[in-house]
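[1] Pasting the sequence and the predicted model now:
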Amino acid sequence: MNSISEENYLKCIYSLQLANAELASTTHIANRLGTKPSSVTSMLTKLGKSGMVDYTPYQGAVLTREGRKKAIQVVRKHRLWESFLVTKLGMSWEEVHEIAEQLEHIDSELLIEKLDNYLGYPHLDPHGDPIPDAKGRIKAQDLVLLETVEQGSEGTIRGVSEHTSEFLRFLDTMGLIPGQKIHIEKKEPFDGMLVVRMLPGNKKYHVSREVSSKILFERTA
């Protein structure tokens, strides 16, 4: 059984590899976890010896097959707990991340199987992130960043790439949350600002590129 710290490192490396499709550098890991590079080096050396990562000194690490399996298990637990906290306990999506960070380390496969069943085997967590199934499989989604969508497009918000409480609260104020259907009324060529109309209805919002670059969108028209 891995320690909480080891699981956090594996999840961090998994996230960085998804973003870059390459090795997770020591510097990026240190920045993501808010720790010193020397501490990262020590942990990567330890994880390398246990067969969880392939570590190259002064460069970084990639997950081994076993390390990736473990990281996905932690991600699965985290996202299921977030779903439970929001859908069953009525917590808001900006409140649940830190709590799920604690719950994800509970080491009970039976509990997680029952939790998944209780929730109805959801594919997405409240932030729109895919939830791996019991075998580590992730349902493919055809999503794009909202900032890339052209004027006249229509579709549904499916998730966000930033989970800070400030950002999520900001989206809440406009209702730009997963599941909301929108129509792109206008796209400014100069700065990429969008005029978004909520569907159904005629309520409109101006969405900056800084915001639209962090919203995941499924186009339907």
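    Cool, the structure landed.
[2] which stretches of this protein form strands?
    All strands of the chain, identified by DSSP state E, fall at 24-25, 53-56, 60-63, 144-145, 154-160, 181-187, 194-199, 204-207, 215-219.
[3] Serialize the ones you listed to JSON lines and add fields for mean neighbour count and distance to D133.
    C-beta here means a position set from N, CA and C on the backbone, and glycine is covered the same way. Formatted as JSON lines, the strands of the chain follow (neighbours: other CB atoms under 10 Å; distance: least, CB to CB, whole Å):
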{"stretch": "strand 24-25", "mean neighbour count": "22", "distance to D133": "24"}
{"stretch": "strand 53-56", "mean neighbour count": "19", "distance to D133": "24"}
{"stretch": "strand 60-63", "mean neighbour count": "22", "distance to D133": "19"}
{"stretch": "strand 144-145", "mean neighbour count": "14", "distance to D133": "24"}
{"stretch": "strand 154-160", "mean neighbour count": "20", "distance to D133": "18"}
{"stretch": "strand 181-187", "mean neighbour count": "18", "distance to D133": "27"}
{"stretch": "strand 194-199", "mean neighbour count": "18", "distance to D133": "31"}
{"stretch": "strand 204-207", "mean neighbour count": "16", "distance to D133": "33"}
{"stretch": "strand 215-219", "mean neighbour count": "20", "distance to D133": "20"}
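[4] Throw those strands into JSON lines and include mean pLDDT, thanks.
    Output for the strands of the chain, formatted as JSON lines (pLDDT from 0 to 100):
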{"stretch": "strand 24-25", "mean pLDDT": "92"}
{"stretch": "strand 53-56", "mean pLDDT": "96"}
{"stretch": "strand 60-63", "mean pLDDT": "94"}
{"stretch": "strand 144-145", "mean pLDDT": "92"}
{"stretch": "strand 154-160", "mean pLDDT": "94"}
{"stretch": "strand 181-187", "mean pLDDT": "97"}
{"stretch": "strand 194-199", "mean pLDDT": "97"}
{"stretch": "strand 204-207", "mean pLDDT": "96"}
{"stretch": "strand 215-219", "mean pLDDT": "93"}
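[5] can I get those in CSV with distance to K36?
    Shown next, in CSV, are the strands of the chain (distance: least, CB to CB, whole Å):
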stretch, distance to K36
strand 24-25, 14
strand 53-56, 17
strand 60-63, 15
strand 144-145, 33
strand 154-160, 29
strand 181-187, 43
strand 194-199, 40
strand 204-207, 38
strand 215-219, 33
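[6] how about the most centrally placed residue in the chain, what does it touch?
    Nearest residue to the geometric centre of the chain (CA atoms, centre = their mean): D129, 4.8 Å. Neighbouring residues of D129 by CB atoms under 8 Å, 6 or more residues apart in numbering: R79, G159.
[7] separation between it and M52?
    Distance from D129 to M52, counting by CB to CB, to the nearest Å: 22 Å.
[8] next one: R65
    10 Å.
[9] unless I'm mixing things up, V195 is touching E185, no?
    Yes - using CB atoms under 8 Å, V195 makes contact with E185 at a distance of 4.3 Å.
[10] Which residue ranges of the chain form helices?
    Taking DSSP state H, the helices of the chain run over residues 4-20, 26-33, 37-49, 65-87, 96-103, 109-119, 165-174, 209-212.
[11] what's the average pLDDT for the shortest one?
    Spelled out, that is helix 209-212. For helix 209-212, mean pLDDT rounds to 95.
[12] so where is this protein shaky, pLDDT-wise?
    Counting by pLDDT under 70, the low-confidence segments of the chain come to 1, 21.
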